[in-house]
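Peer 1: structure of the sequence below:
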Amino acid sequence: MTQTRCITLSSRPKGSPVSENFKLEERVLPAPGAGEFLVRIIWLSLDPYMRGRMDDVKSYAPPVAIGGVMEGGAVGEVIESNHDEFGVGEIVTGQFGWTSHALSIGEGVRKVDPSVAPISTALGVLGMPGITAWVGLNEIAGAKQGETIVVSAATGAVGGMVCQLAKAKGMRVIGVAGGAEKCAFAVEHLGADACLDHRAHHAKSLAIEIKEAAPDGVDVYFDNVGGKTLEAVLTRMNVGGRIAVCGAISWYSGQGISEAQPLPAVWRNILTRRLRVQGFIIFDHFHLMGQFQREVGPLVCSGAIKVRESVAEGLEQAPEAFMAMLKGGNFGKQLVRVGPDR
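Peer 2: Predicted structure coming up:
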């Protein structure tokens, strides 16, 4: 048996999550049975979608049960195995959760080659955020060379990749981020032609800034946040523009909903500008992972794709890091180091 530490959901949040919604527990895992293997977690990924898992509402995936381990992707080392395809010492990634150890039968688990790139990138630029950016840009938005794109949360795990991939495609890239430091990083390191600080603007003034940065209008909007950024961009979209709806983090905990632009105004912009608005969940597109990694992997290895990570040290720091991330406290991909590499 293995002693493990995990973060469980102790209560459902009312609005923004608070520390009392989480509980650090110690549990005992049995030895791996037939067809199972035991993973020692090294890196834990924190992502905005996890906020939705905390609510008991109908969605594209079931919620975390009260007392259940918080859901999340992680990278770890196989330390015991009775599985034919996963051997001791191999590095793997999967939805192991907020825990120090996990048992798996291999479903949804893939191997990570440490010689290709740092293993943490399997949770970032070469993992779920990376393929989300790639699919949203290419498959959902149908972005083309010469077009103008606006990217919200432009220095986040997904947004930062969208900026870099769009620039490599030959697009004009306008980022939106929170704070002067993040905006400068988007321009200096992520390829953005301009980056606007949403914290310094309300929706109307942000729309004016977008017009100045994109005088020929916006062809593609990659939306990670909803809120006032969406409201501002809608008025600057070109006829036939496309919006890839990846997330709505500004509304996840209920803030800002009562002040949001009325639906008729949104609908009118979609109608009169003949916009194509498509939401997508990346789990529906994981069959493209191989193609994505073949195309983007060499760019990461060569340094053409820049990697930025925010790291919290220790599993017990996951709740605080998660709550901070939901309010824009991260800079790049938010990770938790749970254990040593080897």
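Peer 1: and the helices in the stretch 201-342 of the chain?
Peer 2: For the stretch 201-342 of the chain, the helices defined by DSSP state H, counting those that start in this stretch cover 203-213, 227-234, 263-272, 289-302, 318-326.
Peer 1: what packs against the fourth one?
Peer 2: Pointing back at helix 289-302 there. Using 3 or more CB pairs under 8 Å, 6 or more residues apart in numbering; DSSP states H and E as the contact test, the elements touching helix 289-302 are helix 128-135. C-beta: built from backbone N, CA, C; applies to glycine.
Peer 1: please enumerate the strands of the stretch 101-250 of the chain.
Peer 2: Using DSSP state E, counting those that start in this stretch, the strands of the stretch 101-250 of the chain run over 101-104, 110-112, 148-152, 172-177, 194-197, 218-223, 237-245.
Peer 1: in JSON lines: those strands, plus distance to H285.
Peer 2: Shown next, in JSON lines, are those (distance: least, CB to CB, whole Å):
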{"stretch": "strand 101-104", "distance to H285": "22"}
{"stretch": "strand 110-112", "distance to H285": "15"}
{"stretch": "strand 148-152", "distance to H285": "19"}
{"stretch": "strand 172-177", "distance to H285": "22"}
{"stretch": "strand 194-197", "distance to H285": "27"}
{"stretch": "strand 218-223", "distance to H285": "15"}
{"stretch": "strand 237-245", "distance to H285": "12"}
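Peer 1: tell me which of those sits most buried.
Peer 2: When the strands of the stretch 101-250 of the chain are scored by mean count of other CB atoms under 10 Å, the highest mean neighbour count falls to strand 148-152 (a mean of 30).
Peer 1: picking that back up, mean pLDDT and distance to R53 added to the strands of the stretch 101-250 of the chain, as CSV?
Peer 2: Output for the strands of the stretch 101-250 of the chain, formatted as CSV (pLDDT from 0 to 100; distance: least, CB to CB, whole Å):
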stretch, mean pLDDT, distance to R53
strand 101-104, 98, 17
strand 110-112, 95, 21
strand 148-152, 98, 22
strand 172-177, 98, 25
strand 194-197, 97, 30
strand 218-223, 98, 20
strand 237-245, 98, 19
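Peer 1: thinking again about what came up before, just put the helices of the stretch 201-342 of the chain in CSV and tack on mean pLDDT and mean neighbour count.
Peer 2: Output for those, formatted as CSV (pLDDT from 0 to 100; neighbours: other CB atoms under 10 Å):
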stretch, mean pLDDT, mean neighbour count
helix 203-213, 92, 17
helix 227-234, 95, 23
helix 263-272, 95, 12
helix 289-302, 92, 15
helix 318-326, 96, 21
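Peer 1: now those as CSV including distance to V92?
Peer 2: Shown next, in CSV, are the helices of the stretch 201-342 of the chain (distance: least, CB to CB, whole Å):
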stretch, distance to V92
helix 203-213, 42
helix 227-234, 36
helix 263-272, 42
helix 289-302, 14
helix 318-326, 20
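Peer 1: nearest to K144, of those?
Peer 2: K144 sits nearest to helix 289-302 of all the helices of the stretch 201-342 of the chain, at 16.7 Å, using CB to CB.
Peer 1: still on that earlier bit, the strands of the stretch 101-250 of the chain: which one's closest to A324?
Peer 2: strand 172-177 (15.7 Å).
Peer 1: what is the closest one packed up against?
Peer 2: Identification of packing neighbours for strand 172-177 by 3+ CB pairs under 8 Å, 6+ apart yields strand 148-152, helix 157-168, helix 180-189, strand 194-197, helix 203-213.
Peer 1: out of those, which is closest to S120?
Peer 2: In terms of CB to CB, the element of these nearest to S120 is helix 157-168, at 11.3 Å.
Peer 1: where does the closest one sit relative to the chain's centre, distance-wise?
Peer 2: 12 Å (CA atoms, centre = their mean, to the nearest Å).
Peer 1: just stretch 291-301 next, same as before
Peer 2: The answer for stretch 291-301 is 18 Å, by CA atoms, centre = their mean.
Peer 1: alpha carbons of that stretch, in PDB - could you do that?
Peer 2: Extracted as PDB, the C-alpha positions of stretch 291-301 are listed here (Å, rounded to 0.1, in the frame of the first residue of the first chain):
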ATOM      1  CA  GLN A 291      -0.700  15.900 -35.700                       C
ATOM      2  CA  PHE A 292      -0.400  18.900 -33.300                       C
ATOM      3  CA  GLN A 293       2.700  17.500 -31.600                       C
ATOM      4  CA  ARG A 294       4.400  16.700 -34.900                       C
ATOM      5  CA  GLU A 295       3.800  20.300 -36.100                       C
ATOM      6  CA  VAL A 296       4.500  22.200 -32.800                       C
ATOM      7  CA  GLY A 297       7.000  19.900 -31.000                       C
ATOM      8  CA  PRO A 298       9.900  21.000 -33.200                       C
ATOM      9  CA  LEU A 299       9.000  24.600 -32.600                       C
ATOM     10  CA  VAL A 300       9.200  24.100 -28.900                       C
ATOM     11  CA  CYS A 301      12.500  22.200 -29.100                       C
END
